[in-house]
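Peer 1: 3D, please:
(one chain, ligands or ions: 2)
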Amino acid sequence: MEPILSLDGKKALIFGVANDRSIAWAIAQELHRAGCAVGFTYAGEALGKRVTPLAQSLNSPFIEPCDVADDAQIERVFSLWKEKFGTLDILIHAVAFADRNDLKEHYYTTSRAGFHLAMDISVYSLVAMARHALPLMEGTNGSILTLTYYGAEKVVKRYNIMGVAKAALEASVRYLASDLGPKGIRVNGISAGPIKTLAASGIGDFRAMLKHHEKTSPLQRNVSQEDVGKSALFLCSPLASGITGEIMHVDCGYNIMSTPAIDETPEKAE
Ligand code: NAD
Ligand code: 0WE
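Peer 2: Ligands and ions are numbered 1, 2, ... in the order given. Reported below is the predicted structural model:
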């Protein structure tokens with residue numbers, strides 16, 4: 001009997017691996033485990049040293065630099081991919097960036113340059129990638145997936161411009177899903193709970209935030225990269241053939257809760 005989920009013969013291109021704690025790396029491992037060939041891009045030479053051995057451990061046939069702020073670099077990556085493989089089945093967008101100084105204090109202090117930077121790297125990059133992926137994905141039942149966060153929906157202290165960028169990213173998922181649906185391409189997002197990755201390093205009080213999530217979430221724990229990786233595999237697979245334009249929470253249920261009833265929270269068994 002056929003396995004319920006196989007991506008044998010499929011090809012994925014993954015943006016956003018920085019190291020082995022990256023959410024994109026967990027997604028890559030799940031896709032690879034399902035039989036999918038996985039290609040990678042990385043943000044600069046410094047990261048190339050980290051990403052190359054990881055990619056090689058999954059026998060990756062494609063490892064290229066790409067700063068998503070640069071149209072020419074995006075163009076180059078997709079044209080190399082086209083030469084090498086002709087088609088693309090799965091595109092993973094796990095890229096976000098804002099000026100560190102804009103992730104402190106208040107939203108109203110965001111400069112025009114800081115606003116543009118966050119929107120450019122964290123939102124426009126998905127639009128540009130989708131446009132370049134379109135001719136490679138037509139007729140493949142392709143799937144595009146991005147990563148978002150609860151700060152798009154509700155105010156999360158200090159997330160500031162990134163919350164506004166993620167709101168625009170989530171709206172972009174819906175507009176892209178509408179544009180690309182007639183070509184058979186699905187576009188979705190995963191709204192992940194907080195995870196200690198490079199992008200979460202140096203964020204004040206991140207440990208307190210993880211504690212709060214653990215106490216408040218119905219599942220009484222934090223999400224892992226693997227939780228997100230498995231849900232990403234589902235959304236990119238034929239099991240999700242009827243799902244597009246969707247933002248799926250992978251957050252142990254945190255987003256459904258209102259004020260935490262601290263006194264009623266059962267102590268977690270240690
Ligand atoms: P990470 O630091 O491992 O990944 C972020 C990636 O963005 C890095 O690989 C970095 O190189 C890349 N990047 C930044 N600027 C770039 C540029 N100009 N060009 C190309 N790449 C660039 O951290 P992560 O937590 O795995 O983040 C992946 C995604 O998940 C992000 O979109 C993030 O917003 C989202 N997310 C993270 C969390 C969390 O708590 N860690 C929660 C929800 C959503
Ligand atoms: O999307 C993110 C992180 C995005 C991010 C992180 C950094 C740190 C380093 C974007 N740009 C930068 N720029 C840097 O120079 N997350 C969902 C993780 C995160 O970041 C927060 C959070 C959470 C959760 C920032 C403030 C409050 C909560």
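Peer 1: drop to CA atoms for contacts and neighbour counts, all remaining ones
Peer 2: OK.
Peer 1: ranges for the helices of this structure?
Peer 2: 23-33, 45-57, 71-85, 112-119, 125-137, 160-180, 206-216, 225-236 (DSSP state H).
Peer 1: Mind giving me the packing neighbours of the fifth one?
Peer 2: Which is helix 125-137. helix 71-85, helix 160-180 (3 or more C-alpha pairs under 8 Å, 6 or more residues apart in numbering; DSSP states H and E).
Peer 1: what residues does it touch?
Peer 2: The contact list for helix 125-137 (C-alpha atoms under 8 Å, 6 or more residues apart in numbering) reads 68-69, 71, 74-75, 78, 82, 86-89, 91, 93, 144, 146, 169, 172, 176, 180, 185.
Peer 1: in that helix, what's buried?
Peer 2: Neighbour counts over helix 125-137 (16 or more other C-alpha atoms under 10 Å) mark 125, 126, 127, 129, 130, 132, 133, 134, 136, 137 as buried.
Peer 1: again with the longest one
Peer 2: Residues 160-170, 172-174, 176-178, 180 are the ones in helix 160-180 that count as buried (16+ other C-alpha under 10 Å).
Peer 1: Then the shortest one?
Peer 2: With burial defined by 16+ other C-alpha under 10 Å, the residues of helix 112-119 counted as buried are 114, 115, 116, 117, 118, 119.
Peer 1: still on that earlier bit, and the buried residues of helix 125-137, which is closest to ligand 1?
Peer 2: Set against ligand 1, the nearest of the buried residues of helix 125-137 by C-alpha to the nearest ligand atom is residue 125 (8.4 Å).
Peer 1: I figured residue 117 hits residue 100, correct?
Peer 2: No - if you go by C-alpha atoms under 8 Å, residue 117 and residue 100 don't touch, sitting 11.3 Å apart.
Peer 1: From the buried residues of helix 125-137, pick the one nearest residue 223.
Peer 2: Nearest to residue 223 out of the buried residues of helix 125-137 is residue 126 (C-alpha to C-alpha; 24.2 Å).
Peer 1: Now residue 27. Nearest residue, chain neighbours left out?
Peer 2: Once flanking residues are discounted, residue 27 sits nearest to residue 229: 4.0 Å by C-alpha to C-alpha, 6 or more residues apart in numbering.
Peer 1: Can you give me the neighbour number for that neighbour?
Peer 2: 22 (other C-alpha atoms under 10 Å).
Peer 1: That one and residue 118: what is the separation?
Peer 2: Using C-alpha to C-alpha, to the nearest Å, residue 229 is found at 25 Å from residue 118.
Peer 1: circling back to that earlier point, which stretch among the helices and strands packed on helix 125-137 comes nearest residue 104?
Peer 2: helix 160-180 (7.9 Å).
Peer 1: Remind me what the closest one packs against, helices and strands.
Peer 2: Helix 160-180 is packed against helix 112-119, helix 125-137, strand 143-148, strand 186-192, with contacts defined by 3+ C-alpha pairs under 8 Å, 6+ apart.
Peer 1: rewinding a little: could the buried residues of helix 125-137 be laid out in CSV, adding pLDDT?
Peer 2: Supplementary listing: the buried residues of helix 125-137 in CSV, determined by pLDDT from 0 to 100:
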residue, pLDDT
125, 98
126, 98
127, 98
129, 98
130, 98
132, 98
133, 98
134, 98
136, 98
137, 97
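Peer 1: can you redo those residues as CSV with distance to residue 212?
Peer 2: Converted to CSV, those look like this (distance: C-alpha to C-alpha, whole Å):
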residue, distance to residue 212
125, 32
126, 31
127, 34
129, 35
130, 36
132, 40
133, 39
134, 41
136, 43
137, 41
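Peer 1: which one of these sits closest to residue 104?
Peer 2: Nearest member of the buried residues of helix 125-137 to residue 104, counting by C-alpha to C-alpha, is residue 125, at 23.9 Å.
Peer 1: residues contacting the residue of the stretch 151-270 of the chain found nearest ligand 1?
Peer 2: Residue nearest to ligand 1 within the stretch 151-270 of the chain (C-alpha to the nearest ligand atom): residue 194, separated by 3.2 Å. Residues near residue 194 by C-alpha under 8 Å, 6+ apart: 209, 210, 222, 223, 251.
Peer 1: Many thanks, have a good one.
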